[in-house]
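Chemist: coordinates for the following, if possible.
(one chain, ligands or ions: 2)
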Amino acid sequence: MKKILKWTGFIILSLIAGVTIIAASRQNVKYTAPYPAIKASTDEAVIARGKHLVFSIAHCADCHSTANADSLIQSGLDVPLSGGRLFALPIANIYTKNITPDKETGIGKYTDAEIARALRYGVHPDGTVMYDFMPFHNVCDEDMTAVISYLRTQKPVRNKVPPHSLNVAGKMIKAFMISPVGPSESIPQKVRPDTTALYGRYLVNSLGNCSGCHSKHDMKGAIVGEAFAGGSPMKKAENLPAYTPPNLTTDSSSRIFEWTRDMFIKRFRMGNIKNSEMPWNSFKRMTDDELTAIYKYLKTLKAAKTATAA
Ligand code: HEC
Ligand code: HEC
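Modeler: Residues are numbered from 1 along each chain as shown. Ligands and ions are numbered 1, 2, ... in the order given. Presented below is the predicted three-dimensional model:
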């Protein structure tokens, strides 16, 4: 009996050691993905389009600046995208990158195609996997060009962001469960901005990531239940209350069930009145046409009852 116990113990220990070694060796697995044929432009209209996307629907500033930049975003200022915001997850501390053109600490050392590949295919310039925080995999070529063109015009800011730190569970998940996320549909050359639900769908799903918060997700990030049927409670900072992203579908339990288009636009113009995690201060910079398109798209969603608390 004792012998069996001894051997079982030995086998279990060896297995754990084996898995740990494999997990360690898989932390920097290199992936391949195509380089999109994207080239930054110096055309003023293209740069202006990029800047508008960056500071409104795509809310880059909300993540790629530190939390106290929020009041600056609120007052309409263009904060530097010098990174450093911490996402303290149970399995890892993830820091957003410096995406100003600084050559040492920012994206100055990357080519346009490398940046476009990171955003579209979820592969860092060095080939390692990107954690899927950003929803831009299906952004059309023209808007990808516009965003990168704007990034190139920023003043370089030297800001060395700390490297991510993962605990044991985080390393296991990275080693065995996370792989690059790429486009889910074919990428159009251009998506024409208008006030249709179709354009709203593009803004919501390819740029705004509304469903990222307004849906429930499993550990791998896949949606549980219906998309937009309400998310999980979240707080912007430790000392602030948690709010649950409400149902945005056409069900009678939807927060916007009775909202008219005008009420919807008015709510966005008010900004972050509750100091919630929703990037209202970026979103409020959207035009009436953009908000109309989003409203129309949400009104095409299948009715789904609000998901029960996770
Ligand atoms: C919800 C938060 C969030 C938003 C919004 C966001 N980012 Fe990110 N971004 C991150 C995080 C977190 C990382 C680090 C991911 C990693 O290292 O795996 C990152 C990484 C990047 C990288 C890779 C940089 C490098 O050095 O490898 C680029 C480029 C980038 N973001 C650009 C953008 C742009 C442009 C926008 C807006 C169009 C944007 N991000 C919006 C969170 C965000
Ligand atoms: C980072 C998470 C996050 C993202 C991204 C996000 N939301 Fe929210 N949203 C929330 C939270 C949390 C609340 C509840 C607290 C509040 O009202 O500010 C909320 C509330 C709302 C409300 C109800 C506001 C009210 O006054 O009752 C609407 C409408 C809404 N979101 C629409 C959207 C749309 C449209 C998008 C995409 C363009 C979006 N949200 C993206 C987190 C998010």
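
Chemist: and A116, how far from V123?
Modeler: Computed with CB to CB, to the nearest Å, the distance linking A116 and V123 is 11 Å. C-beta here means a position set from N, CA and C on the backbone, and glycine is covered the same way.

Chemist: get me the contact residues on the stretch 101-250 of the chain for ligand 2.
Modeler: V204, G208, N209, C210, G212, C213, H214, M234, Y243, P245, P246, L248 (CB under 6 Å from any ligand atom).

Chemist: pLDDT weak spots in this structure?
Modeler: With pLDDT under 70 as the threshold, the chain has low-confidence stretches at 1, 67-68, 309-310.

Chemist: P34: neighbouring residues, count only.
Modeler: If you count neighbours by other CB atoms under 10 Å, P34 ends up with 12.

Chemist: now do the contacts for V147.
Modeler: Applying CB atoms under 8 Å, 6 or more residues apart in numbering to V147 gives the contacts G50, L53, V54, A58, C60, L119, V139.

Chemist: now do the SS call for it.
Modeler: helix (DSSP: H, G, I helix; E, B strand; the rest coil).

Chemist: dihedrals phi and psi, the residue most central in space within the chain?
Modeler: Central residue of the chain (CA atoms, centre = their mean): M134, 2.4 Å from the mean position. Dihedral angles of M134 (phi, psi; degrees, to the nearest 10) stand at phi -110, psi 140.

Chemist: please apply the same query to the one 10 residues further on.
Modeler: Backbone geometry at M144, expressed as degrees, to the nearest 10, gives phi -60, psi -40.

Chemist: hang on, isn't it packed against R120?
Modeler: Yes - between M144 and R120 there is a contact under CB atoms under 8 Å: 7.0 Å.

Chemist: mutual contacts of those two, please.
Modeler: Contacts common to M144 and R120, judged by CB under 8 Å, 6+ apart, are P36, F136.

Chemist: work out the gap between stretch 192-199 and the centre of the chain.
Modeler: Relative to the centre of its chain, stretch 192-199 is centred 22 Å away, using CA atoms, centre = their mean, to the nearest Å.

Chemist: what lies in contact with it?
Modeler: Where contact means CB under 8 Å, 6+ apart, the residues beyond stretch 192-199 that reach it are V191, D289, E290, T292, A293, K296, Y297, K299, T300.

Chemist: rerun that using 6 Å as the cut-off
Modeler: Among residues not part of stretch 192-199, those counted as contacts by CB atoms under 6 Å, 6 or more residues apart in numbering are D289, T292, A293, K296, Y297, T300.

Chemist: show me what counts as buried in it.
Modeler: Going by neighbour count (16 or more other CB atoms under 10 Å), the buried part of stretch 192-199 is P193, T195, A197, Y199.

Chemist: look up how far ligand 2 lies from the third one.
Modeler: The reference is to A197. 13 Å (CB to the nearest ligand atom, to the nearest Å).

Chemist: swap in the first one?
Modeler: As defined by CB to the nearest ligand atom, P193 lies at a distance of 15 Å from ligand 2.

Chemist: enumerate the positions of the longest helix along the chain that are buried.
Modeler: Under DSSP state H, the helix in the chain containing the largest number of residues is helix 2-25. For helix 2-25, the buried set under the neighbour-count rule, 16+ other CB under 10 Å, comprises A23.

Chemist: which other helices and strands contact that helix?
Modeler: Applying 3 or more CB pairs under 6 Å, 6 or more residues apart in numbering; DSSP states H and E, one finds that helix 2-25 makes contact with helix 168-176.

Chemist: list the residues that contact the nearest residue in space to L298 that is not next to it in sequence.
Modeler: On the basis of CB to CB, 6 or more residues apart in numbering, the spatially nearest residue to L298 that is not a chain neighbour turns out to be L248, at 5.3 Å. Contact criterion CB under 6 Å, 6+ apart gives H214, F228, I256, L298 as the residues in contact with L248.

Chemist: ramachandran coordinates for L248?
Modeler: phi -120, psi 10.

Chemist: swap in L89?
Modeler: phi -90, psi 160.

Chemist: how far away is it from H164?
Modeler: 10 Å.
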